[in-house]
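Trainee: kindly return the folded structure for what I paste below:
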Amino acid sequence: MSDKSATTRLPAGWAGTAPDADAIFAMAEAALETMPAVFKPHIRDVVIEIAEFADDATLASLDIEHPYDLTGLYEGRPLTERSIDQSGGMPDRVTLYRIPILVEWIEGGERLDWLVRHVLIHEIGHHFGFSDDDMHALERMA
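Mentor: Numbers count the residues shown, from 1 in each chain. Prediction:
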């Protein structure tokens, strides 16, 4: 195999380095734009952040041993658990963990923007009150 044929399989625009946090954030923003209109009013105040890895306290609270095993996290109160008399809390947040996403991308061979979208939508599912089991069942049905 020649070097030229190997480079034709690289993603368009690839510059030889891993996509940075800004690139992952741009992919997440693009994914949000594709959400059905019915969901958009309910997610417009959800803050999206990109971090390299989850910190040790977060991993411990989720009983996750290795930082590569967590690609995203929803923090907040799901819509199904809210009442109208609650106010003044911190905004809900979805954090996407760049390095674990990149590792999964390399190992799985899926398009990176699709993987970012998948992780983001999974975490937003928690915002709507879906459990991991609920989301896995929906994915199997789709």
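Trainee: excluding chain neighbours, give the residue nearest to Ile64 in space.
Mentor: Leu70 (5.4 Å; Cβ to Cβ, 6 or more residues apart in numbering). From N, CA and C alone the C-beta is placed, and that goes for glycine too.
Trainee: distance of that neighbour from Tyr97?
Mentor: Counting by Cβ to Cβ, to the nearest Å, the gap from Leu70 to Tyr97 is 6 Å.
Trainee: anything in contact with each of the two?
Mentor: Phe53, Ala54 (Cβ atoms under 8 Å, 6 or more residues apart in numbering).
Trainee: and the strands in the protein?
Mentor: In order along the chain, the chain carries the following strands (DSSP state E): 47-51, 72-75, 93-97.
Trainee: run through who's touching the second one.
Mentor: What it means is strand 72-75. Strand 72-75 is contacted from outside by 54, 58, 62, 92-97, 101, 119-120, 122-124, 126-127, using Cβ under 8 Å, 6+ apart.
Trainee: filter those down to the buried ones.
Mentor: Those of the contacts of strand 72-75 that meet the buried threshold are 54, 58, 92, 94-97, 101, 119-120, 122-124, 126-127, by 16 or more other Cβ atoms under 10 Å.
Trainee: specify the beta-bridge partners of Val47.
Mentor: In this structure, Val47 bridges to Arg93 when assessed by DSSP bridges.
Trainee: which ones are touching the nearest residue to Arg117 once chain neighbours are set aside?
Mentor: Counting by Cβ to Cβ, 6+ apart, Arg117 lies nearest to Ala31, which is 3.8 Å off, once chain neighbours are set aside. Ala31 is in contact with Asp113, Val116, Arg117, Leu120, Ile121, counting by Cβ under 8 Å, 6+ apart.
Trainee: gap between the residue nearest to Ile64 and Ile101?
Mentor: For Leu70, the distance to Ile101 - Cβ to Cβ - is 10 Å.
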